[in-house]
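Asker: Test case, fold it:
(chains A and B)
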Amino acid sequence: MKRPINKNRGIALACAALLSMSYLLAQTPAPPATAPTTAKTGTIGLYRNQLLAPDGPAPKFADGTPDLSGAWLGSGGSDADISNPKSLKLGDTVSMLPWAEEIVKHRQSKEDPEANCLPAGIPRGSPYPWRIVQTPTHYFILYEGNIHSYRQIFMNGKHPDDPDPTWYGHSIGHWEGNTLVVDTVGFNDKFWFDYKGHPHTEKLHTIERYTRTDLGHLSIEVTIDDPGAYTKPFTTVGKAVLMPGTELLEYICQENNQDLPLLTGPARGPGAQ
Amino acid sequence: MRFFLSVAVASVIWLATGSPALAHHSGAAEFDSTKKIDLTGVVTKVEWTNPHAHFYMDVKDPSGNVANWNLELASPNVLIRNGWKRNSVKPGDTVSVTGSRAKDSPYYGSASMITFPDGHKLSFLGADDPSK
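Answerer: Residues are numbered from 1 along each chain as shown, chains lettered A, B, ... in the order given. All right, here's what the predicted structure looks like:
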């Protein structure tokens, strides 16, 4: 038998529906002031003949929240070598504790979690795009690469007192002006920051700052604080470019990883000799 | 012109690094850029898979012995965005392949360029002809 909806419950449901609708309306992007003129194409990363974003300001939702949605290509630092000064905040250096220096000297290419189709963690990028999805309570980062996984960011949330260590940790987010700030703790110690093998421990704490500087560009800064492996925090800088003409494609790295047994020698950059 | 310049830049990067851009592992850890391959044969199988697409090719040496080579390409997501289709190379095709040989396996290589009898080419990353 169908259960009748009592009056109070009906009112509550109607209010919830109205609230949801108003949120969705608020999150609807405002239409562009002028329609884009002739679409430009060019190379983005490895991809040729790609639709390029037209010039224009960073969009916002109707409620004023910056709109970061879209497929992006890029990352918050150098995936070849996180200590590369070109990808560090001006004046910052990466200073490892002795055990960390030693482990970098001995790591082998085939030990890299990335080569084993395991997560690349934060902020290590890949040559594949990723997408940000914003909802009222959660933001999601959907990765095409980085083992085709996802991260969830709890907006205005709190970290648990004793989070279980995980590959992507526990992330909470908030807005500082037009910058999305993502604070993450609770990492395991397994992923490598880069192809070179820079390590971290479970004490790792990252703060990511995402700022859409215009329609087609995202600035990314990541502060890395891990007193278990580094003598001081450092901040990496990177950027991402919008790929308006692409959708994420499947990338199931585990299905035919024939490379692993053939990898030889020390950990090194993707194209390094 | 911009397109051709970008292709030229990609080619220069290729030459400078000696290894194709690979997403999930070091190219130099797997392939020896000083061991070039230049093979002609008949494609026997295609694997449209991740983290790399592969095709296999029967290659006859001067003595008439046939070896089945395993040749690696970028991943399908990269190839598709650069104009490849899953059947751009298919069993039965006769092709010539240049590239680099694996350090640790005699009949395993990275295919930097595939040339068909009618002259059209496919590269490790894309369906455009980087030699233009």
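Asker: Please count neighbours and contacts with C-alpha atoms only from this point.
Answerer: Noted.
Asker: Output the residue of the stretch 101-250 of chain A whose distance to chain B is smallest.
Answerer: Going by CA to the nearest CA, chain B is nearest to A:Ala115 of the stretch 101-250 of chain A, at 4.8 Å.
Asker: all strands of the stretch 101-250 of chain A, in order?
Answerer: With DSSP state E, counting those that start in this stretch, the ranges of strands along the stretch 101-250 of chain A come out as A:130-134, A:138-143, A:150-155, A:170-176, A:179-185, A:205-214, A:217-225, A:234-242.
Asker: Make CSV from those and add mean neighbour count to it.
Answerer: Shown next, in CSV, are these (neighbours: other CA atoms under 10 Å in any protein chain shown):
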stretch, mean neighbour count
strand A:130-134, 20
strand A:138-143, 19
strand A:150-155, 19
strand A:170-176, 19
strand A:179-185, 21
strand A:205-214, 21
strand A:217-225, 22
strand A:234-242, 23
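Asker: Make JSON lines out of those strands and add mean pLDDT.
Answerer: Below are those laid out as JSON lines (pLDDT from 0 to 100):
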{"stretch": "strand A:130-134", "mean pLDDT": "98"}
{"stretch": "strand A:138-143", "mean pLDDT": "98"}
{"stretch": "strand A:150-155", "mean pLDDT": "98"}
{"stretch": "strand A:170-176", "mean pLDDT": "98"}
{"stretch": "strand A:179-185", "mean pLDDT": "98"}
{"stretch": "strand A:205-214", "mean pLDDT": "98"}
{"stretch": "strand A:217-225", "mean pLDDT": "98"}
{"stretch": "strand A:234-242", "mean pLDDT": "98"}
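Asker: Look at the closest residue to A:Pro266 other than its chain neighbours and say how many residues are nearby.
Answerer: Leaving aside its sequence neighbours, A:Pro266 sits nearest to A:Gln108 (CA to CA, 6 or more residues apart in numbering or on different chains; 4.1 Å). Close neighbours of A:Gln108, defined as other CA atoms under 10 Å in any protein chain shown, add up to 19.
Asker: cool, and the one 4 residues further on?
Answerer: Close neighbours of A:Asp112, defined as other CA under 10 Å, add up to 27.
Asker: wait, doesn't it sit right on A:Tyr195?
Answerer: Yes. Between A:Asp112 and A:Tyr195 there is a contact under CA atoms under 8 Å: 7.2 Å.
Asker: Next, show the common contact partners of these two.
Answerer: A:267, B:25 (CA atoms under 8 Å, 6 or more residues apart in numbering or on different chains).
Asker: Make CSV out of the strands of the stretch 101-250 of chain A and add distance to A:Gly121.
Answerer: Shown next, in CSV, are the strands of the stretch 101-250 of chain A (distance: least, CA to CA, whole Å):
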stretch, distance to A:Gly121
strand A:130-134, 14
strand A:138-143, 11
strand A:150-155, 10
strand A:170-176, 12
strand A:179-185, 11
strand A:205-214, 11
strand A:217-225, 12
strand A:234-242, 14
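Asker: Make a markdown table from those and add distance to chain B to it.
Answerer: Converted to a markdown table, those look like this (distance: least, CA to the nearest CA, whole Å):
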| stretch | distance to chain B |
| --- | --- |
| strand A:130-134 | 12 |
| strand A:138-143 | 13 |
| strand A:150-155 | 17 |
| strand A:170-176 | 24 |
| strand A:179-185 | 24 |
| strand A:205-214 | 23 |
| strand A:217-225 | 20 |
| strand A:234-242 | 15 |
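Asker: For the residue nearest to the spatial centre of chain B, identify the helix or strand it belongs to.
Answerer: For chain B, the residue nearest the mean C-alpha position is B:Ala111 (1.9 Å; CA atoms, centre = their mean). Using DSSP states H and E, B:Ala111 falls within strand B:108-115.
Asker: Could you list the paired strands of that strand along with their orientation?
Answerer: Next to strand B:108-115 in the sheet, as set by DSSP bridges, lie strand B:66-72 (parallel), strand B:94-102 (antiparallel), strand B:121-123 (antiparallel).
Asker: Tell me where chain B is predicted with low confidence.
Answerer: The model of chain B has pLDDT under 70 over residues B:1-23, B:128-132.
Asker: Skip the chain neighbours and tell me the closest residue to the residue in it positioned nearest to chain A.
Answerer: The minimum distance from chain B to chain A, using CA to the nearest CA, falls at B:Ser26 (4.0 Å). Nearest non-adjacent residue to B:Ser26, counting by CA to CA, 6+ apart: A:Pro270, 4.0 Å away.
Asker: mind listing the helices for the chain?
Answerer: All of this is about chain A. For chain A, applying DSSP state H gives helices covering A:7-26, A:98-106.
Asker: wait, chain B
Answerer: Going by DSSP H, chain B shows helices at B:2-17, B:76-81.
Asker: hmm, back to that, local confidence estimate at the residue nearest to A:Pro266?
Answerer: Looking at A:Gln108, its pLDDT reads 96.
Asker: A:Gly10 too?
Answerer: 46.
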